[in-house]
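*Asks:* coordinates for the following, if possible.
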Amino acid sequence: MRILITGAAGFLGSHLVDRFLADGHRIVGLDNFVTGSRANLEHLESHERFEFIEHDISTPIAFAEHLDGVLHFASPASPIDYLEMPIQTLKVGSLGTHHCLGIAKAHDARFLLASTSEVYGDPQVHPQPESYWGHVNPVGLRGCYDEAKRFAEAMTMAYHRAHGIDTRIVRIFNTYGPRMRPGDGRVVSNFIVQALRGDPITVYGDGSQTRSFCYVSDEVDGIYGLFMSDRTDPTNVGNPGEFTIRELARLVIEATDSASEIVELPLPEDDPKVRRPDISVAREELAWEPAVDLRDGLERTIPYFRTLVNDGDAKGRTIQPDQP
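*Replies:* Presented below is the predicted three-dimensional model:
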């Protein structure tokens, strides 16, 4: 197949490009490098089945050669990014999704939307099944990201129902691994960089809020399986193992053999108290579940950040400990 992936230079997007190429597909990668990194695609510069286009999908673009699939992963995805770029985040979730669906319609291509566990907001149901409608503050600071993704889901289903587009929606839970930006403020990258530098580990509130962390290879396997499946309803893909933020900090300190201390900062606005996916649907319909536990995943991730820290390329930034 020939497949368009927006956000191809991002953390998840670049790993998806690798996965589709490994299975023999042709990939058109698209990114405007607002949050993506050219370094994530450097290894593909001479790949015969990879083509790259620098473009902002919030503005229209047409493709002459047939596309079999469109995966829309373009969006700021960390709190520090979408809080700094709320308008761009809303535009890529609305206009960008609209343009991607138009491309899929023009080519009769399968479409997959990268949605997020943030559509559940600060959930009142735990763990979160796909049937849960969420508890989101539309006018809060995080609303630009939450509502952009909720709108994108609504538009995807509207195109599916009105135009018969073959659509998929993946709700991505916290994912981590190599190629994360060290300064993006997400909790795993933040803690690892702080620990490697010997800086204090910044925990928000008392660190009792929980998250579930999925290693990137598992996440990509789940997304790939969903794209290849017949399921059109939203589908959670994440690791149901649940840890408090303070537990994560201790695991990172242990794995990095760091002397860093844990310090507490004020809890940010609308920070979810719990976050854990119900992956019953993915297990039953995709025969998928994660294989890499958190300790193993951290051991696979830390060397990437250690190289950045040693080279002086890691700039730790503190922000709310959450990651879509």
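
*Asks:* all helices for the stretch 201-324 of the chain, in order.
*Replies:* 216-228, 245-256, 280-286, 294-310 (DSSP state H, counting those that start in this stretch).

*Asks:* swap in the stretch 51-200 of the chain?
*Replies:* So, for the stretch 51-200 of the chain - with DSSP H, counting those that start in this stretch - the helices run 79-84, 86-107, 143-163, 187-197.

*Asks:* turn those into TSV, columns for mean neighbour count, mean pLDDT and distance to Ser229.
*Replies:* Quick note: C-beta positions are derived from backbone N, CA and C, even for glycine. Shown next, in TSV, are the helices of the stretch 51-200 of the chain (neighbours: other CB atoms under 10 Å; pLDDT from 0 to 100; distance: least, CB to CB, whole Å):
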stretch	mean neighbour count	mean pLDDT	distance to Ser229
helix 79-84	20	91	29
helix 86-107	21	98	17
helix 143-163	19	98	15
helix 187-197	25	96	28
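
*Asks:* wait, which of those helices is closest to Val309?
*Replies:* Among the helices of the stretch 51-200 of the chain, the nearest to Val309 by CB to CB is helix 187-197 (4.5 Å).

*Asks:* so what does the closest one touch, helix or strand wise?
*Replies:* Helix 187-197 makes packing contacts with strand 201-204, helix 245-256, helix 294-310 when contacts are defined by 3 or more CB pairs under 8 Å, 6 or more residues apart in numbering; DSSP states H and E.

*Asks:* Provide a list of residues in contact with Ile279.
*Replies:* By CB atoms under 8 Å, 6 or more residues apart in numbering, the contact list for Ile279 reads Asn236, Val237, Gly238, Pro240, Trp288, Glu289.

*Asks:* what about 10 Å?
*Replies:* By CB atoms under 10 Å, 6 or more residues apart in numbering, the residues touching Ile279 are 127, 129-130, 173, 212, 214, 222, 235-240, 286, 288-290.

*Asks:* list the contacts for His107?
*Replies:* Contacts of His107 by CB under 10 Å, 6+ apart are Arg2, Leu4, Phe63, Glu65, His66, Leu67, Asp68, Gly69, Val70.

*Asks:* confirm that His15 sits in a helix.
*Replies:* Yes. Judged by DSSP: H, G, I helix; E, B strand; the rest coil, His15 forms part of a helix.

*Asks:* surely it and Gly222 touch.
*Replies:* No. With contact defined as CB atoms under 10 Å, His15 does not reach Gly222; the gap is 11.9 Å.

*Asks:* overlap in contacts of those two?
*Replies:* By CB under 10 Å, 6+ apart, the residues touching both His15 and Gly222 are Thr175.

*Asks:* more neighbours: which of these two?
*Replies:* Between His15 and Gly222, counting by other CB atoms under 10 Å, Gly222 is the more crowded of the two (26 against 19).

*Asks:* Tyr145 reaches Thr89, doesn't it?
*Replies:* Yes. Under the criterion of CB under 10 Å, Tyr145 makes contact with Thr89 at 5.4 Å.

*Asks:* name the residues contacting each of the two.
*Replies:* With CB under 10 Å, 6+ apart, Tyr145 and Thr89 have common neighbours Ser75, Pro76, Ala77, Asp81, Tyr82, Leu83.

*Asks:* can you list those residues in CSV and add distance to Ala106?
*Replies:* As requested, the shared contacts of Tyr145 and Thr89 are exported to CSV (distance: CB to CB, whole Å):
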residue, distance to Ala106
Ser75, 22
Pro76, 27
Ala77, 27
Asp81, 30
Tyr82, 29
Leu83, 34
